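Chemist: Return atomic coordinates for the entry below.
(one chain, ligands or ions: 2)
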Amino acid sequence: MVERVPTFVEGFDRALGGGIPEGSVVLVCGTPGTMKTSLVFSVLYHNVQEKGRKALFVTFEQGYEDLKASMEELGMGDLDGMELYILDLGRIRREHREQDNQKDWLEALQEYITKRVHDHDFDLLAIDALSGLYSLSEMENPRRDLFHFFAFLRDLGPTCFLISEIPFHSRRLVAYEEDFLSDGVFLLQHAEVGDSDVQLRIRCVKLRRAKHAQNYFALVWGPKRFMVTSIIARTGDRRRRRAEPASW
Ligand SMILES: Nc1ncnc2c1ncn2[C@@H]1O[C@H](COP(=O)(O)OP(=O)(O)OP(=O)(O)O)[C@@H](O)[C@H]1O
Ligand SMILES: [Mg+2]
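Modeler: Ligands and ions are numbered 1, 2, ... in the order given. Next comes the predicted model:
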């Protein structure tokens, strides 16, 4: 039986059949502001705090201080003494601006991650976000390059979370075929409820080696962790859901 990595999202682990199979590469997709960063960070945070695991969070857009402050505001404090490391790649690139065009940053990142994972024995790795990764190098053949990147992550060993940003009104979850390449896909979505309310929802679209629920759950933060609750669909909701593209 494969070990499971709990998400520590109350109610969601049960829906995943006990958690995420260890070593999986999981894509976390969502439109802007759907708490992608907070969700993934909280999975790492609670696994470090409660399971004694080690984790590396690679951030492109949000700087180290800003990320730390946002997570502390949500109640995820005491980061300094924890085995949860943040790699601020945006800052490193800014500091080496003169090499920005010459260096193959994607290769450099892979080398760095490999070294850190071997040195520190990381169990969990997160990359926020894939678009930042794509800005690192001119991918000649994105599908082939991504196939190799996913293979690289799987060979590496840790359970990986890749955040993928969906532009508003996009009908696609991803830019290329990342959803097929990954072992799991979680979708975060703001759903309109009635005329004026918006509810944050999560759905496990796929998770290999797991008997998981397919339905949407409402996702709420607090206190100190996420939890899901079931959605009692209203007629208006059902009508709206049917009108959405098949992949949603
Ligand atoms: N306690 C809370 N409950 C609900 N929502 C919150 C709470 N604290 C912050 N938020 C909202 O969460 C969002 C930011 O979360 P986060 O940065 O994790 O989202 P994101 O999907 O990663 O955003 P981006 O698209 O900018 O990367 C903001 O819209 C903020 O208003
Ligand atoms: Mg984010």
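
Chemist: For Leu153, which three-state class applies?
Modeler: helix (DSSP: H, G, I helix; E, B strand; the rest coil).

Chemist: OK, contacts around it?
Modeler: Shown in contact with Leu153 (C-beta atoms under 8 Å, 6 or more residues apart in numbering): Val25, Leu125, Cys160. (Each C-beta comes from the backbone N, C-alpha and C, glycine too.)

Chemist: Can I get these in CSV including neighbour count, secondary structure and pLDDT?
Modeler: Output for the contacts of Leu153, formatted as CSV (neighbours: other C-beta atoms under 10 Å; DSSP: H, G, I helix; E, B strand; the rest coil; pLDDT from 0 to 100):
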residue, neighbour count, secondary structure, pLDDT
Val25, 23, strand, 98
Leu125, 24, strand, 98
Cys160, 24, strand, 98
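
Chemist: can you put the residues you listed in a markdown table and add distance to ligand 1?
Modeler: Formatted as a markdown table, the contacts of Leu153 follow (distance: C-beta to the nearest ligand atom, whole Å):
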| residue | distance to ligand 1 |
| --- | --- |
| Val25 | 19 |
| Leu125 | 17 |
| Cys160 | 17 |
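
Chemist: State the number of residues packed around whatever residue of the chain ends up closest to ligand 2.
Modeler: Proximity of the chain to ligand 2 (C-beta to the ion) peaks at Thr37, 3.3 Å away. Thr37 is flanked by 22 other residues according to other C-beta atoms under 10 Å.

Chemist: Per-residue pLDDT of it, please?
Modeler: With respect to pLDDT, Thr37 has a value of 98.

Chemist: tell me the average confidence for the host helix or strand of Phe149?
Modeler: Taking DSSP states H and E as the definition, one finds Phe149 inside helix 142-156. For helix 142-156, mean pLDDT is 93.

Chemist: Sketch out the helices for this structure, chain order is fine.
Modeler: Secondary structure of the chain (DSSP state H): helices at 12-15, 36-51, 64-73, 89-95, 105-120, 130-134, 142-156, 178-181, 235-242.

Chemist: do you know how far Pro41 is from Met82?
Modeler: Quick fix: residue 41 reads Phe, not Pro. According to C-beta to C-beta, to the nearest Å, Phe41 and Met82 sit 12 Å apart.

Chemist: Show me which of those two is the more surrounded one.
Modeler: For the pair Phe41 and Met82, the greater number of neighbours falls to Phe41 (27 against 15), based on other C-beta under 10 Å.

Chemist: List the contacts of the more buried one.
Modeler: Phe57, Leu67, Met71, Met76, Ala126.

Chemist: quick one: it from Val117, how far?
Modeler: 18 Å.

Chemist: Likewise for Ala151?
Modeler: From Ala151 to Val117 the distance is 15 Å (C-beta to C-beta).
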